[in-house]
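> Sequence and predicted model, in that order:
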Amino acid sequence: MQNDKGALDVKRFVSDKGKNQYLLISANEAAAIDVSDAVDDVGKIVTEMGLTLKYLLVSHAHPSHVEALPMLKEKFGAAFCLHEYEYQHLKETDIRLEPDRILQDNDSLELGSIAMKVLLTAGHTKGSVCYWVKAANALFSGST
């Protein structure tokens with residue numbers, strides 16, 4: 001997707017159960033959203049393209065959305081970001097990983113030449129979020 005503030009390349013992976021997983025790329029930085037069973041594909045792209053995996057983002061902390069985080073964190077060291085309301089859900093999983101950044105509604109995350117806005121979209125869980133990239137007119141909504 002080209003836009004007036006730079007480029008955003010979106011790689012989409014769909015699980016066998018229809019769950020969307022994304023790798024967003026802007027300049028030489030990347031963000032993984034809700035990556036689980038596409039962890040190997042995401043790792044391969046990041047490595048082959050020489051990208052910095054900057055963020056590990058989840059729309060919410062159900063197990064299928066967080067299970068690959070430890071592998072990605074260990075290999076790439078990206079910042080794991082989680083909405084403050086999802087922390088309790090994370091503690092109820094088998095994942096023993098603490099967030100590097102606690103997100104709140106309307107926070108902004110810089111990725112390469114674009115900004116992503118965190119939008120609290122409570123419903124599926126209390127802390128479900130979407131990631132809005134205005135410059136690319138794109139919304140990444142998880143299980144909303």
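Great, that's in hand. This is a predicted model, so every value here is computed, not measured.
> now the strands for this protein?
For the chain, the strands defined by DSSP state E cover 2-3, 6-7, 9-14, 20-26, 29-33, 52-57, 79-83, 101-103, 108-111, 114-120, 129-133, 138-140.
> Let me have these in JSON lines, adding distance to residue 72 and mean neighbour count as columns.
The C-beta positions use only the backbone N, C-alpha and C, and glycine is treated the same way. Shown next, in JSON lines, are those (distance: least, CB to CB, whole Å; neighbours: other CB atoms under 10 Å):
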{"stretch": "strand 2-3", "distance to residue 72": "26", "mean neighbour count": "13"}
{"stretch": "strand 6-7", "distance to residue 72": "23", "mean neighbour count": "14"}
{"stretch": "strand 9-14", "distance to residue 72": "13", "mean neighbour count": "14"}
{"stretch": "strand 20-26", "distance to residue 72": "11", "mean neighbour count": "23"}
{"stretch": "strand 29-33", "distance to residue 72": "6", "mean neighbour count": "24"}
{"stretch": "strand 52-57", "distance to residue 72": "6", "mean neighbour count": "23"}
{"stretch": "strand 79-83", "distance to residue 72": "9", "mean neighbour count": "22"}
{"stretch": "strand 101-103", "distance to residue 72": "15", "mean neighbour count": "16"}
{"stretch": "strand 108-111", "distance to residue 72": "16", "mean neighbour count": "16"}
{"stretch": "strand 114-120", "distance to residue 72": "18", "mean neighbour count": "19"}
{"stretch": "strand 129-133", "distance to residue 72": "17", "mean neighbour count": "22"}
{"stretch": "strand 138-140", "distance to residue 72": "17", "mean neighbour count": "17"}
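> wait, what's in contact with the closest residue to residue 75 other than its chain neighbours?
Nearest residue to residue 75, sequence neighbours excluded (CB to CB, 6 or more residues apart in numbering): residue 43, at 6.2 Å. Going by CB atoms under 8 Å, 6 or more residues apart in numbering, residue 43 touches 71, 72, 75, 76.
> And for residue 77?
Contacts of residue 77 (CB under 8 Å, 6+ apart): residue 53.
> how about 6 Å then?
Residue 77 sits next to no residue when contact means CB atoms under 6 Å, 6 or more residues apart in numbering.
> Could you check how far it is from residue 46?
11 Å (CB to CB, to the nearest Å).
> Just send the strands of the chain back as CSV, with distance to residue 91 and mean pLDDT too.
Shown next, in CSV, are the strands of the chain (distance: least, CB to CB, whole Å; pLDDT from 0 to 100):
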stretch, distance to residue 91, mean pLDDT
strand 2-3, 38, 40
strand 6-7, 37, 72
strand 9-14, 27, 94
strand 20-26, 23, 95
strand 29-33, 21, 97
strand 52-57, 17, 97
strand 79-83, 11, 95
strand 101-103, 13, 96
strand 108-111, 23, 98
strand 114-120, 19, 97
strand 129-133, 18, 95
strand 138-140, 24, 94
